[in-house]
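Enquirer: would you be able to build a 3D model of this:
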Amino acid sequence: MHISLLGAATSLLCVSASAFTPASTSGTDKLNDHGMTKLKTYLHKNRGQNSCSLDNAVKRQEWSSLSKSNKKKYTDAVLCLQSKPARSGSIAPGAKSRYDDFLATHINQTLTIHGTGNFLSWHRYYVYTFEEALRNECGYKGYIPYANWGKYAEDLLNSPIFDGSDYSISGNGEYRNHTGASIPSAATPFIQLPAGSGGGCVTTGPFKNMTVNLGPLAPVFDDITPNPRPDGLGYNPRCLRRDIGVYAASIASTDANSTDLIRENTYIGDFQTTMQGDFAGGLLGVHTAGHFWAGGDPGADIFSSPGDPWFWLHHAQIDRTWWIWQNQDPASRSSVNGNNSLAGTITLNNSPPSRNTRLDDVIDLGVNAESILIRDALSTTAGPFCYVYV
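Expert: The predicted model follows:
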């Protein structure tokens, strides 16, 4: 009996050592609550302009709030999309699935959808269109979940997102000797991210057998087979690799990081620049840091990052963070008539120099959806959208 109790106690200690405890998100929670009050008032005053209300809006949920069954339904739907035949044709000859169609679109437009005035609106429509594909093509009854960074930033490896269980989005890659990542910038020194405990193929969870077909174009590992085409759209099958970025999360993904981002950047230009990262100033930003949560290939490649299923939870949180920021002053930040809803040019960090982004610029997602205008994507309760975050 003594041996049995000792064994049980040892087992309990092992479980406790790896148990996950979410960190507080009180800062962004307060901003979210304040914003929801503002949004409710704004929608009531403008209720004649569209039929979307807080009562009938879709509720996108945080990953941890989903039941195990609903988590599996979501990952099953992603796997379903990876099994559907591609539509890209000659545009992306390496695309083998509908999932690859989304990746091909991102690869094609990377240099005009990052560090640009359309960054937030383009990705809002992109995530929504992916959600629609899951629902309409794979029978998914839910909606895209988001990952509230602050909950997990202190313990990524044990988090319910990356713990490698059947109800996660798969875990870290197997250990493989590799160097860290260097974030390029016009200034030096570059931001250096140390190598993590992964680097190899993902062998646990729903996506352990996933094949990545497109890319790379900006790989963080030097042992990835180059794509046969210079545009990254040729067929290049390989495993999903991860190097979960504990360091990146700890310096740029805490709830304090998000709270400061929303509260201290009242101008849209400052908000989106701080969000994406001021590399010359040594700031990683919640956007770039989040891509290094998964890291590896293709997750850390700015062109082909949607090839890692983590992308969608991360960018749903990007959209949610923008949404919370907008809700602090909906009339000026999410309205087409607002004076604080759009800033930036149409090229990556304005290189080469280009004109300012306009409300009537087109968001084109290729074979994945009909095109819309930026003005249609400013609000989650107008245009083609009717959703909020809970």
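Enquirer: how about low-confidence regions in this protein?
Expert: Under the criterion pLDDT under 70, the flagged ranges of the chain are 1-17, 185-189.
Enquirer: show me where it has its helices.
Expert: 2-18, 26-45, 68-81, 98-109, 119-138, 149-152, 246-252, 255-264, 268-276, 285-294, 296-299, 310-327, 330-333 (DSSP state H).
Enquirer: check which helices and strands the second one sits against.
Expert: Helices and strands touching helix 26-45, by 3 or more C-beta pairs under 8 Å, 6 or more residues apart in numbering; DSSP states H and E, are helix 255-264, helix 310-327, helix 330-333, strand 387-389. No exception for glycine: its C-beta is placed from N, CA and C like everyone else's.
Enquirer: Ser18: neighbour count?
Expert: Ser18: 10 surrounding residues under other C-beta atoms under 10 Å.
Enquirer: follow-up on the earlier one: tell me the most buried of the helices of the chain?
Expert: Highest mean neighbour count of these: helix 296-299, a mean of 30 (counted as mean count of other C-beta atoms under 10 Å).
Enquirer: next one: that helix to chain centre, how far?
Expert: On the basis of C-alpha atoms, centre = their mean, to the nearest Å, helix 296-299 sits 13 Å off its chain's mean C-alpha point.
Enquirer: other residues contacting it?
Expert: 103, 173, 198-199, 212, 214-216, 219-221, 224, 238, 240-243, 291-293, 304-308, 310-311 (C-beta atoms under 8 Å, 6 or more residues apart in numbering).
Enquirer: how about the helices of the chain, which one is nearest Gly344?
Expert: Nearest to Gly344 among the helices of the chain is helix 268-276; the distance by C-beta to C-beta comes to 6.4 Å.
Enquirer: for that closest one, output the C-alpha coordinates as PDB.
Expert: Extracted in PDB, the C-alpha atoms of helix 268-276 (Å, rounded to 0.1, in the frame of the first residue of the first chain):
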ATOM      1  CA  ILE A 268      -4.600  54.100 -36.300                       C
ATOM      2  CA  GLY A 269      -1.200  54.600 -37.900                       C
ATOM      3  CA  ASP A 270       0.600  54.300 -34.500                       C
ATOM      4  CA  PHE A 271      -1.600  51.400 -33.500                       C
ATOM      5  CA  GLN A 272      -1.000  49.200 -36.600                       C
ATOM      6  CA  THR A 273       2.800  50.000 -36.600                       C
ATOM      7  CA  THR A 274       3.200  49.100 -33.000                       C
ATOM      8  CA  MET A 275       1.100  46.000 -33.500                       C
ATOM      9  CA  GLN A 276       3.100  44.700 -36.400                       C
END
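Enquirer: other SSEs contacting it?
Expert: Using 3+ C-beta pairs under 8 Å, 6+ apart, the elements in contact with helix 268-276 are helix 119-138, helix 255-264, helix 285-294, helix 310-327.
Enquirer: let's see 6 Å
Expert: Helix 268-276 sits against helix 285-294, with contacts defined as 3 or more C-beta pairs under 6 Å, 6 or more residues apart in numbering; DSSP states H and E.
Enquirer: give me the helices and strands touching the helix it packs on, please.
Expert: Using 3+ C-beta pairs under 6 Å, 6+ apart, helix 285-294 is in contact with helix 246-252, helix 268-276.
Enquirer: and Asn32, which of those helices is closest to it?
Expert: Across those, the minimum distance to Asn32, taken as C-beta to C-beta, is reached by helix 268-276, at 15.8 Å.
Enquirer: the inter-axis angle of that closest one versus helix 119-138?
Expert: Counting by axes from the mean of the first three to the mean of the last three C-alpha atoms, to 10 degrees, helix 268-276 lies at 60 degrees to helix 119-138.
Enquirer: and helix 268-276, how far out from the chain's middle?
Expert: Averaging C-alpha positions (C-alpha atoms, centre = their mean) puts helix 268-276 16 Å from its chain's average.
Enquirer: got it, and stretch 193-204?
Expert: Worked out by C-alpha atoms, centre = their mean, stretch 193-204 lies 19 Å from the chain centre.
Enquirer: so how far is the first residue of that stretch from its last?
Expert: One end of stretch 193-204 sits 24 Å from the other (C-alpha to C-alpha, to the nearest Å).
Enquirer: I'd guessed Thr259 sits against Gly27; true?
Expert: Yes - if you go by C-beta atoms under 6 Å, Thr259 and Gly27 touch, sitting 3.2 Å apart.
Enquirer: which residues do those two both contact?
Expert: Residues touching both Thr259 and Gly27 by C-beta atoms under 6 Å, 6 or more residues apart in numbering: none at all.
Enquirer: what's the spacing between Thr179 and Gly199?
Expert: 9 Å (C-beta to C-beta, to the nearest Å).
Enquirer: what about those two, which has more around it?
Expert: Using other C-beta under 10 Å as the criterion, Thr179 and Gly199 rank with Gly199 on top: 24 against 12.
Enquirer: any idea how many residues pack against the nearest residue to the more buried one once chain neighbours are set aside?
Expert: Once flanking residues are discounted, Gly199 sits nearest to Arg176: 3.8 Å by C-beta to C-beta, 6 or more residues apart in numbering. By other C-beta under 10 Å, 16 other residues sit near Arg176.
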